[in-house]
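Q: Any chance you can model this:
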Amino acid sequence: MDRLRAFEVFVTVVSRGSFTRAADALETSPANVTRYVNELEAHLGTRLLNRTSRRLSLTEGGETFYARCKSILEDVAETEGLVSSTSVDPRGRLRLNAPVSFGILHLAPLWPAFMRKYPEVELDVALIDRVVDIVDEGYDLAIRISHAGSTSHAARKLATSRNILCASPDYLARSGYPAAPADLIEHRCIGYSYAATGDEWQLIDSERKAHTVKVDCHMHTNNGDTARAAALAGQGVIWQPTFLVGNDLRAGTLVQVLPAYRLPDIDVLAVYPSRRHLSAKIRAMIDFLVDAFGDVPPWDRADA
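A: This next block holds a predicted model:
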């Protein structure tokens, strides 16, 4: 049995919903399609499809096998495309992971343009705040917000985001403007649960001297949008990236605190398993995002 051909036949049967339509798509006979599926089930020792006179449905094992076969066929097509002058266009399913807030604010608006440019690429986007294992969990690409990059995978920098302290004008009118980092001790602050330094906020002055302040956080959250909402409601000072609060700063609903002091910048990275044999679809996505964000990303542009 030609297993690769059997995989192709099986995937076509499932996607077309019938043996007859699969035969038409593959330009073969229904009997030949049936033979391939029967031989595949015999080889695996399990039933893949439930067949009735009216419909086909996948068994539990068939669902798992279908997903893997589809992925294998996509990989084969891409591998052929690496050396074939007639197949250089990005194609196939692209599984991408990104943080929730960043994905909603800055990636979701880009997908329509990407899909128009690369109609043969099927996007499968998962927004998850935890750091996924891109290999074990089957992702082609992950967008990460990081200070240190990736030590275990290849990565390309897409953009930079500044971190800033900010609060609402209402809160600052009530509580006053801090003039130095030490003044933050007297302010209500909203902490980010995943911050590497916890409630110790480190600011750098113009002479590159570090100032570490143990702030009083009356609220903690593992979600930047929640921290932002609390700050907009006048509940205190937050430390968040400009990709999240840039629009608020331009609108004046949040005001930067201690602008003379710098916080560590963070990079927006595209992380992928390996630089070797980078597929056309991954390369297309990375180049598209680099171009979309530009030298000055949208969240730091004055005219955004």
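Q: Now do stretch 246-260: distance from first to last residue.
A: End-to-end distance for stretch 246-260: 18 Å, by CA to CA, to the nearest Å.
Q: in that stretch, what counts as buried?
A: Buried positions in stretch 246-260, judged by neighbour count with 16 or more other CB atoms under 10 Å: 246, 248-249, 253-255, 257-258. For glycine as for every other residue, the C-beta is placed from the backbone atoms N, C-alpha and C.
Q: before we move on, what about stretch 279-291?
A: Buried residues in stretch 279-291, defined by neighbour count with 16+ other CB under 10 Å: 279-282, 284-286, 288-289.
Q: Among those, pick out the one closest to Arg162, please.
A: Nearest to Arg162 among the buried residues of stretch 279-291 is Leu289, at 18.8 Å by CB to CB.
Q: before we move on, the earlier item: now the buried residues of stretch 279-291 as CSV including pLDDT and distance to Ile164?
A: Listed next are these as CSV, based on pLDDT from 0 to 100; distance: CB to CB, whole Å:
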residue, pLDDT, distance to Ile164
Ser279, 81, 37
Ala280, 85, 38
Lys281, 90, 35
Ile282, 90, 32
Ala284, 93, 33
Met285, 95, 29
Ile286, 94, 27
Phe288, 96, 28
Leu289, 96, 23
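Q: Spit out the contact partners of Val37.
A: With contact set as CB atoms under 8 Å, 6 or more residues apart in numbering, Val37 has these partners: 6, 9-10, 13, 19, 48-49.
Q: Go again with 7 Å.
A: Each residue near Val37 by CB atoms under 7 Å, 6 or more residues apart in numbering is listed here: 9-10, 13, 49.
Q: Inside strands: which ones of those?
A: If you go by DSSP state E, these have Leu49 in strands.
Q: Please work out how many residues are found near Leu49.
A: Using other CB atoms under 10 Å, Leu49 is surrounded by 17 other residues.
Q: That one: what's it in contact with?
A: Leu49 is in contact with 37, 56, 58-59, 62, counting by CB under 7 Å, 6+ apart.
Q: what does Ala142 give?
A: By CB under 7 Å, 6+ apart, the residues touching Ala142 are 97, 132, 134, 271.
Q: how near is the last one to Arg95?
A: Between Val271 and Arg95 the computed distance is 13 Å (CB to CB, to the nearest Å).
Q: Over to the second one?
A: If you measure Val132 against Arg95 using CB to CB, the figure is 10 Å.
Q: Give me the common contacts of those two.
A: Tyr139.
Q: Count the residues that sit near Pro169.
A: By other CB under 10 Å, the residues close to Pro169 number 12.
Q: Can I get the buried residues of stretch 246-260 in JSON lines including secondary structure and pLDDT?
A: Shown next, in JSON lines, are the buried residues of stretch 246-260 (DSSP: H, G, I helix; E, B strand; the rest coil; pLDDT from 0 to 100):
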{"residue": "Gly246", "secondary structure": "helix", "pLDDT": "93"}
{"residue": "Asp248", "secondary structure": "helix", "pLDDT": "95"}
{"residue": "Leu249", "secondary structure": "helix", "pLDDT": "95"}
{"residue": "Thr253", "secondary structure": "coil", "pLDDT": "97"}
{"residue": "Leu254", "secondary structure": "coil", "pLDDT": "97"}
{"residue": "Val255", "secondary structure": "strand", "pLDDT": "96"}
{"residue": "Val257", "secondary structure": "strand", "pLDDT": "96"}
{"residue": "Leu258", "secondary structure": "coil", "pLDDT": "95"}
